[in-house]
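# based on what follows, work out the 3D shape:
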Amino acid sequence: TKSVIKNIQWITGNNFTVERGQRQIEEYISTWDVHRSWLHWSEFLQEEELKYSKRYHYRVCWSFPTRRKPIPQATASIYFVIEISKIKPATLPVEVFFTLESSRLIHRPEQCQFREKWLKDIIENKIILTERL
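Sure, this is the predicted structure:
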């Protein structure tokens, strides 16, 4: 069976603000199928000026606290970029993509279904690495 890719209606370039971008990322994350025990927080990192666009960088940090370990051993970060074209009409929606911590693969909300396993893998790998050190 083919899974449905969940996305949101992204803001247009002319209506974009850093705060609205962060709210939209939160709205998009709310469509993800993750267990309710996962906690996250998001932050704006920086604005990047390019020749043909402006990019706004955000980070969403995830953890999975439990009763036995209320302070998580590790966290997993997802880095979002909202790009506003200087060439295309400002009435078009912004471009959005994200990467997982320790990965170069670029995901686009309209093209991929987020997997909770990605967060688990990042955290498990960090715990394994910490135990080896």
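# next, residue 108: phi, psi?
When read as degrees, to the nearest 10, the backbone of residue 108 gives phi -110, psi 130.
# test my guess that it contacts residue 99.
No: if you go by C-beta atoms under 8 Å, residue 108 and residue 99 don't touch, sitting 10.8 Å apart. For glycine as for every other residue, the C-beta is placed from the backbone atoms N, C-alpha and C.
# who has more neighbours, those two?
Neighbour comparison, residue 108 and residue 99: the larger count goes to residue 99, with 15 against 12 (by other C-beta atoms under 10 Å).
# can you give me phi and psi for the more buried one?
phi -130, psi 150.
# and stretch 41-58, what's buried?
42, 44, 53-54, 56, 58 (16 or more other C-beta atoms under 10 Å).
# sorry, wrong one. I was asking about stretch 126-133.
Residues of stretch 126-133 classed as buried by neighbour count (16+ other C-beta under 10 Å): residue 126.
# next: stretch 5-20.
For stretch 5-20, the neighbour count (16+ other C-beta under 10 Å) marks 8, 10-11, 13, 16 as buried.
# please flag which of the buried residues of stretch 41-58 sit within strands.
Residues of these located in strands (DSSP state E): 42, 44, 53-54, 56, 58.
# between which two of those residues is the distance greatest?
42 and 53 (21.5 Å; C-beta to C-beta).
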